[in-house]
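**Student:** The amino acid sequence is not available; the structure is as follows:
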DNA sequence: ATGGTGGCCCGGCCA
């Protein structure tokens, strides 16, 4: 079973690439972030023609998350149950082939002195509270998406440059750590403790070509899913403007989890 | 130190 998380940076801009990618990579479950659309433009029919069901949570041209599956899709939950969400479509869950799959889009934070940064920390608290409340760590669960947090220096192409900046602060890391403390495992870092495993590169200039990236997209597994892990890998081709047609990739690469 | 790109709906916001 192959489960992927991918921040597509607008589904309207990336719909064709998504459909091609699902088939070429034999994706069973895709967790998407930043669909940036309502249900109107969401490609439900095109996905169905390829054998995929989909659940989408998008209200306007900001944020938006989705679960796409060709191995079943049940018990869809949009937003947090605990708080009825903090207003933006940043989380959706569905059960696919027995695995509770959560697609999360953590607020960016903008900068540490911006009110959006406090919102980011609150949102991470809320995510941990929700996972605790539903007992996600005690069943087969995968919480994956764009966390907008790099947990250690290894997650930054230039850790000095990012020190105490957005994505690298102790507060943000503590926010994500709450999930690890519940029993979740950061699959990419556990499997590859010394590789950068970058998932995002700024569009600007030659950042991708120079591999100046960050690892801010995470796949966090409950012990039950962790025990089933075969491999986890970053699909860099899908981020490479020289490898995709048209040459307009998302700024994030998919993170792909293979489990048995 | 700055500005470089891309996506959104229409010059500025957000990544």
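**Tutor:** Perfect, I can see it now. This one's a predicted model, so the numbers in the text were calculated from it and none came from an experiment. Numbers count the residues shown, from 1 in each chain, chains lettered A, B, ... in the order given.
**Student:** tell me the phi and psi of the residue nearest the centre of chain A?
**Tutor:** Residue closest to the mean C-alpha point of chain A, counted by C-alpha atoms, centre = their mean, is residue A:145 at 1.3 Å. Taking degrees, to the nearest 10, you get phi 160, psi -160 for the backbone angles of residue A:145.
**Student:** Could you do residue A:2 as well?
**Tutor:** Dihedral angles of residue A:2 (phi, psi; degrees, to the nearest 10) stand at phi -120, psi 120.
**Student:** got a list of what the closest residue to it other than its chain neighbours touches?
**Tutor:** In this structure, residue A:2 finds its nearest non-sequential neighbour in residue A:28, 4.9 Å apart by C-beta to C-beta, 6 or more residues apart in numbering. Yep, even glycine has a C-beta here, placed from its N, CA and C like the rest. Remark: with contacts taken as C-beta atoms under 8 Å, 6 or more residues apart in numbering, residue A:28 is in contact with A:1-3, A:69-71, A:96-97.
**Student:** Near DNA strand B, which residues of chain A are found?
**Tutor:** Contacts of chain A with DNA strand B, taken as C-beta under 7 Å from any atom of the strand, map to A:9-10, A:12-13, A:36, A:61-62, A:107-108, A:110, A:116, A:202-205, A:248.
**Student:** which residues of chain A fall in strands?
**Tutor:** Assigned by DSSP state E, the strands in chain A fall at A:2-7, A:29-33, A:53-57, A:65-69, A:74-78, A:91-96, A:99-105, A:141-146, A:185-186, A:200-201, A:213-214, A:217-221, A:229-234, A:255-259.
**Student:** now the third one: how far from the chain's centre is it?
**Tutor:** Just to be clear, that refers to strand A:53-57. Taking C-alpha atoms, centre = their mean, to the nearest Å, one finds the center of strand A:53-57 at 15 Å from the center of the full chain.
**Student:** Adjacent strands (with direction) for that strand?
**Tutor:** Paired neighbours of strand A:53-57 in the sheet (DSSP bridges): strand A:65-69 (antiparallel).
**Student:** Over to the longest one?
**Tutor:** In its sheet, strand A:99-105 lies beside strand A:91-96 (antiparallel), strand A:141-146 (parallel), with partners assigned from DSSP bridges.
**Student:** Just name the most buried of those.
**Tutor:** When the strands paired with strand A:99-105 are scored by mean count of other C-beta atoms under 10 Å, the highest mean neighbour count falls to strand A:141-146 (a mean of 27).
**Student:** and that strand, what's its mean pLDDT?
**Tutor:** Averaged over strand A:141-146, pLDDT sits at 98.
**Student:** and if you look at stretch A:2-11?
**Tutor:** Mean pLDDT, computed over stretch A:2-11, is 98.
**Student:** same check, this time on stretch A:253-260
**Tutor:** Summarised as a single mean, pLDDT over stretch A:253-260 is 98.
**Student:** do the same with stretch A:39-46
**Tutor:** Here the average pLDDT along stretch A:39-46 is 98.
**Student:** what ranges do the helices span in the stretch 51-200 of chain A?
**Tutor:** For the stretch 51-200 of chain A, applying DSSP state H, counting those that start in this stretch gives helices covering A:115-133, A:159-162, A:170-181, A:187-191.
**Student:** Touching the last one from outside, list them.
**Tutor:** Under the criterion C-beta under 8 Å, 6+ apart, residues A:151-152, A:154, A:197, A:215, A:218-221, A:226, A:229, A:231-232, A:234, A:255, A:257 lie in contact with helix A:187-191.
**Student:** Could you tell me which of these count as buried?
**Tutor:** Among the contacts of helix A:187-191, the ones that count as buried by 16 or more other C-beta atoms under 10 Å are A:151, A:154, A:197, A:215, A:218-221, A:226, A:229, A:232, A:234, A:255, A:257.
**Student:** can you redo those residues as TSV with distance to residue A:240?
**Tutor:** Below are the buried ones among the contacts of helix A:187-191 laid out as TSV (distance: C-beta to C-beta, whole Å):
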residue	distance to residue A:240
A:151	25
A:154	22
A:197	16
A:215	17
A:218	21
A:219	21
A:220	26
A:221	27
A:226	29
A:229	26
A:232	19
A:234	11
A:255	15
A:257	21
